[in-house]
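> whatever this is, show me its structure:
(chains A and B)
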Amino acid sequence: MIGEPAMNGDAGYRRRKITDAIFRWLCGGAVLLALVPLASVLYYVTYRGIGGVDLDFFTSLPKPVGETGGGMGNALSGTLVLVGMACLIGIPIGVLAGVFLAEFPGSRFSTVVRFSADVMSGIPSITVGIFAYAVVVLPMGRFSAIAGSLALAVIMLPTVTRTTEELLRLVPGTLREAALGLGVSKWRATLWIVLRTAAPGIITGVMLAIARVGGESAPLLFTAFNNRFWSQGIDQPIASLPVQIYTYAVSPFEDWHRQAWAAAFVLVALVLLLNVTAKVLVRNPVRGK
Amino acid sequence: MGPTSDLSLIRRQPRILRRLGREVNPGDLVFRALTSLFAATVILVLGAMAVQMWRASGKSLAHFGPGFIIGTDWDPVRDSYGALPFIFGTVVSSLLALLIAVPVAFGVAIALTELAPVKLRAPLGFLIELLAAVPSVVYGLWGIFALAPFMRDHVEPFLAATLGFLPFFRGPYQGYGMLAGATVLAIMILPTIASVSREVLRAVPDVLREGAMGLGATRWEALRDVVLPFARTGLLGAVILGLGRALGETMAVTMIIGNRSEISASLFAPSYTMASVIANEFTEATGDLYLSALAEIGLLLFFVTLLLNVIARLMVWRVARPTGAR
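Numbers count the residues shown, from 1 in each chain, chains lettered A, B, ... in the order given. Okay, here's the model as predicted:
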């Protein structure tokens, strides 16, 4: 191309250069356009939410309709309980399933598992809610924190599984071979050396999974339901931040809108914090690499 | 190590261990069995979801049969249920969302794999992925108080004035409705489509680009004639993944689409989606048949998204194989 223009002369060459420039500008414009909603959401959540965040917000119960004030202490603690229990169920299963996929790849079974996990991550969260309703709420006869956290655990499972697998694969093969060469059995080498080496990355993946389920509201609507008071136990309905935001947002009360924004600010701040921390950690997903 | 371990020459294994495979250490056998059990739960949960949803919608399936999906009547008082308005709302809002999101997402993916300075790629990609991190309910809140007024005051009057001769842009507008719902959906599926497309484009061998550009192609020509044909299947897979996400997205849409079960040509009119009706009515559904009808909508949603995801993953895997498979 250097010096020698395209077949149809200078005009053709210029036209091609112009097309290329337009294409570059369009793609650059797409990136900017995609960032507009992010900026707008962050701006609104901060601008309208930050004023509503005070001590009461973290420690008080919601006030009855018509009275201003009150907080979301119960929703905040409810989200912590729900996510915590979801982690207790989802992380061990997910990590061990991921270990299997990474350490015993290639078989038909592991391909099916890997594929199922990928497919499962695309299943709408609301249908997971119906599943938890059918499995827990119907037999128990009431909404409960158990049902809610089961739904969240199911949503976490595929993410944790696939992240664990990907990260175990990043561990240098030499490390594994060195251990095996010293006569360590495979399971010890996997648990004590490979898994430990990949731990920072796996923790990152778990943090991202937590960030995702922490903001889920659809599957909680008819599993954990909601609760205007502090939780009375894990077999009882429990409040959560996302469901509370929803309830307040669609209500006609000005003061509830204010609190919905405040809650959204806290939720988004938590989610972003988890994401950014994960991003910083992921620079070294594998120890010593 | 071959199928018969060298160790067997030195130390004879009990026959049963040899039968079970090439592992020689009993601890390893237990380890494999145990982890495979956990891996199997992934498949089991997926299967259990299908079975449970099928059972939960049993009454409705038996009562309405296939007429359920073409019925337009949704009346809990008379126990008469038809899902068509919700199917219509879901399909139209999702397709509209694709229409808005796909060009932008492809632009983003191309910019971040082919064009942007290498140093900027990771941070920009991170910002795009943050779009996916914002919880659905926050998008809903933003939709109610920021997007809907903006649509009502600026976008919809403009569309009505310029394109009002089309049936899609007629009638009263109040911000809420199909158009606003589809816009929020588009924002929410954009990061999915963009990040999968990025993965696919990254899997295109660099020699192809270098070859094309070495022959004198511009960036655009290399992309159009060489990279895109190679990545086509995977990119289509990315779009279908986005569609699957759009179909099942619940809270944000519920909060902004208007929730009225009408089939209207106008995009300004309120609508209702399958996921929204489940979210709104499931806890209040009193009768068995009512609950079962809602569960059947969930079942439809489950199988359609399952199918779309299977197809899409196979397409993406054809171009960008995940680690592990060979």
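> now the residue most central in space within chain A: how far from residue A:126?
Nearest to the mean C-alpha position of chain A, by C-alpha atoms, centre = their mean, lies residue A:212 at 2.0 Å. For residue A:212, the distance to residue A:126 (C-beta to C-beta, to the nearest Å) stands at 15 Å. C-beta here means a position set from N, CA and C on the backbone, and glycine is covered the same way.
> can you name the next helix or strand after the strand or helix carrying residue A:129?
Assigned by DSSP states H and E, residue A:129 falls within helix A:125-132. On the C-terminal side of helix A:125-132, the closest following helix or strand by DSSP H and E is helix A:138-140.
> and that following helix, which residues are buried?
Within helix A:138-140, no residue counts as buried by 16 or more other C-beta atoms under 10 Å in any protein chain shown.
> quick one: pLDDT of residue 14?
No chain was given, so I picked chain A. pLDDT recorded at residue A:14 is 88.
> looking at chain B here, not the other one
For residue B:14, pLDDT reads 59.
> now do the residue nearest the centre of chain B against residue A:268, distance only.
Chain B has residue B:245 as the residue nearest its centroid, 2.1 Å off, counting by C-alpha atoms, centre = their mean. Using C-beta to C-beta, residue B:245 is found at 20 Å from residue A:268.
> ditto for residue B:48
33 Å.
> neighbour count winner among those two?
residue A:268 (21 against 15; other C-beta atoms under 10 Å in any protein chain shown).
> how much space between that one and chain B?
The gap separating residue A:268 from chain B is 6 Å, by C-beta to the nearest C-beta, to the nearest Å.
> quick one, what contacts that residue?
Residues in contact with residue A:268 (C-beta atoms under 8 Å, 6 or more residues apart in numbering or on different chains) are A:41-42, A:45, B:134-135, B:138.
> and the residue nearest to the centre of chain B, how far is that from chain A?
7 Å.
> pretty sure that residue sits against residue B:190.
No - in this structure, residue B:245 is not within contact of residue B:190 by C-beta atoms under 8 Å, at 10.1 Å.
> give me the nearest residue to residue A:271, chain neighbours excluded.
residue A:211 (4.7 Å; C-beta to C-beta, 6 or more residues apart in numbering or on different chains).
> one step back: counting by contacts, list what the helix or strand harbouring the residue nearest to the centre of chain A packs against.
Per DSSP H and E: residue A:212 is located in helix A:195-214. On a contact count with 3 or more C-beta pairs under 8 Å, 6 or more residues apart in numbering or on different chains; DSSP states H and E, helix A:195-214 meets helix A:73-103, helix A:145-170, helix A:254-281.
> report the mean confidence score over the helix holding residue A:129.
95.
> tell me what the helix or strand residue A:46 falls within is packed against?
Assessed by DSSP H and E, residue A:46 sits inside helix A:9-49. Judged by 3+ C-beta pairs under 8 Å, 6+ apart, the packing partners of helix A:9-49 are helix A:254-281, helix B:84-110, helix B:118-133, helix B:136-142, helix B:178-202, helix B:219-222.
> okay, the angle between it and helix B:118-133?
Interaxial angle, helix A:9-49 versus helix B:118-133 (axes from the mean of the first three to the mean of the last three C-alpha atoms, to 10 degrees): 40 degrees.
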